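Participant: sequence unknown, structure follows:
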């Protein structure tokens, strides 16, 4: 028992202060992101805008993330990782607030697209930042911690703002309740910027990477294993994009549950993903990274099919929990592997393509 405690303490102290500040920032950032992801679909429906527009909003936001990712990879090398993190967290949370302030569908679309593009900057920055701020022996654990913090924070966002919204709907009309919840979640997200500002930038590394442009970055395609990683990620992402954004609408209008129940179910799915992410390093060490990825993601497919089959809330909740945990728990291993096969200056670009 004492040896286990000593190992825990060593791992805690081995994580440098930059990484700790980043993990603290992620808590508030993903509480906000979790709430908007849960509330947005229903908010659009309650504004009587229609499901077609919701599909347009989701697809354009996804397209914005994809189109912004490559320029963001260049920006990260030019301005440094700290500035990229601060800028992304600030812009994303401001865009969340503005989606609650305005009810005009085109303004919501614009701010949603800007949110997606800004979020791409953080997505591109995270893996290179974690590589830069961790030692080799603890690297996969830091990736897992970041993944777990992400999911646990989204879980808190789901549950917290699902409960808040449900309580508010008893005192005011449903649109006003959703608007207040979305705006409040955005202000919670702004706290992340405070912790991000505490990160200390390595100015020498920033100067060394500032000269790296498109020509130097695209050499990433010559590295062994990169093309295989990209094809794998494209297939997984394409499938997820067809299903995942509509889960909240499916739960609300097909299973006929209230916002609080929806928040609980989606919170439990994030809980499974968080714990799964913490287990992944153990599986990777015992069975290898490739086998861990294949097993986890293949095992999730039957549970995805179970979600669509019944209309029983218990079965859907269990299937949703298992599908989310198994499909996503390999994420830290995938990110760690992808960053290990390329050079430091190539990491932002590969991260943008992943």
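Facilitator: Structure's in. What do you need? If you're wondering where the values come from, they're calculated on a predicted model, not measured in any experiment. Numbers count the residues shown, from 1 in each chain.

Participant: Now do the helix or strand hosting residue 106: which elements does it pack against?
Facilitator: For residue 106, the host element (DSSP states H and E) is helix 105-132. Here helix 105-132 touches helix 17-46, helix 51-79, helix 81-101, helix 139-169, helix 331-340, helix 347-353, going by 3 or more CB pairs under 8 Å, 6 or more residues apart in numbering; DSSP states H and E. (Each C-beta comes from the backbone N, C-alpha and C, glycine too.)

Participant: Can you tell me which of those is packed in deepest?
Facilitator: For the helices and strands packed on helix 105-132, ranked by mean neighbour count under the definition mean count of other CB atoms under 10 Å, the leader is helix 347-353 at a mean of 26.

Participant: quick check: mean pLDDT across it?
Facilitator: Here helix 347-353 scores 70 as its mean pLDDT.

Participant: just stretch 57-70 next, same as before
Facilitator: Rounded mean pLDDT across stretch 57-70 is 87.

Participant: which stretch among the helices and strands packed on helix 105-132 comes nearest residue 301?
Facilitator: helix 331-340 (16.8 Å; CB to CB).

Participant: list the helices and strands the closest one packs on?
Facilitator: Here helix 331-340 touches helix 105-132, helix 139-169, helix 226-243, helix 259-287, helix 289-299, helix 347-353, going by 3+ CB pairs under 8 Å, 6+ apart.

Participant: The nearest residue in space to residue 166 that is not next to it in sequence: neighbouring residues, count only.
Facilitator: Nearest non-adjacent residue to residue 166, counting by CB to CB, 6 or more residues apart in numbering: residue 260, 3.9 Å away. By other CB atoms under 10 Å, the residues close to residue 260 number 16.

Participant: which residues touch residue 260?
Facilitator: By CB atoms under 8 Å, 6 or more residues apart in numbering, the contact list for residue 260 reads 162-163, 165-166.

Participant: Kindly recompute the last result at 10 Å.
Facilitator: 159, 162-167, 169 (CB atoms under 10 Å, 6 or more residues apart in numbering).

Participant: Repeat that for residue 35.
Facilitator: 96, 154, 156-162, 164-165, 181-182, 184-186, 188-189, 263.

Participant: chain center to stretch 32-49, what's the gap?
Facilitator: Offset of stretch 32-49 from its chain centre (CA atoms, centre = their mean, to the nearest Å): 17 Å.

Participant: looking only at pLDDT, what's the mean for it?
Facilitator: Averaging pLDDT along stretch 32-49 yields 88.

Participant: Just want the angle from the helix holding residue 106 to helix 331-340.
Facilitator: 70 degrees (axes from the mean of the first three to the mean of the last three CA atoms, to 10 degrees).

Participant: Flag every buried residue along helix 105-132.
Facilitator: Buried residues in helix 105-132, defined by neighbour count with 16 or more other CB atoms under 10 Å: 105, 108-132.

Participant: ok, and the closest non-adjacent residue to residue 92?
Facilitator: residue 118 is the one closest to residue 92 (CB to CB, 6+ apart), at 4.7 Å.

Participant: what's near enough to touch the one you found?
Facilitator: Applying CB under 10 Å, 6+ apart to residue 118 gives the contacts 64-65, 68, 72, 87-95.

Participant: now, which of the residues you listed sits nearest residue 24?
Facilitator: residue 89 (11.7 Å).

Participant: before we move on, the earlier item: any idea how far the helix holding residue 106 is from the chain center?
Facilitator: The chain centroid and the centroid of helix 105-132 are separated by 10 Å under CA atoms, centre = their mean.

Participant: same question, stretch 265-284
Facilitator: With CA atoms, centre = their mean, you get 13 Å for stretch 265-284.

Participant: cool, and stretch 84-100?
Facilitator: That offset, for stretch 84-100, works out to 14 Å (CA atoms, centre = their mean).

Participant: any idea of the mean pLDDT in it?
Facilitator: Averaged across stretch 84-100, the pLDDT comes to 96.

Participant: any idea how far residue 127 is from residue 93?
Facilitator: Using CB to CB, to the nearest Å, residue 93 is found at 21 Å from residue 127.

Participant: ok, now which ones touch the closest residue to residue 241 other than its chain neighbours?
Facilitator: Counting by CB to CB, 6+ apart, the nearest residue to residue 241 once its immediate chain neighbours are dropped is residue 62, at 6.1 Å. Residue 62 makes contact with 113, 116, 237, 241, 245 under the criterion CB under 10 Å, 6+ apart.

Participant: Closest to residue 28 out of those residues?
Facilitator: Using CB to CB, residue 116 comes nearest to residue 28 of these, at 19.3 Å.

Participant: Show the contacting residues for the closest one.
Facilitator: Neighbouring residues of residue 116 by CB under 10 Å, 6+ apart: 57-58, 60-68, 92, 95, 123.

Participant: follow-up on the earlier one: could you redo the helices and strands packed on helix 105-132 as JSON lines and give each row distance to residue 307?
Facilitator: As requested, these are exported to JSON lines (distance: least, CB to CB, whole Å):
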{"stretch": "helix 17-46", "distance to residue 307": "16"}
{"stretch": "helix 51-79", "distance to residue 307": "18"}
{"stretch": "helix 81-101", "distance to residue 307": "27"}
{"stretch": "helix 139-169", "distance to residue 307": "17"}
{"stretch": "helix 331-340", "distance to residue 307": "20"}
{"stretch": "helix 347-353", "distance to residue 307": "29"}
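
Participant: what's the closest of those to residue 279?
Facilitator: Closest to residue 279 of the helices and strands packed on helix 105-132 is helix 139-169 (CB to CB; 8.6 Å).
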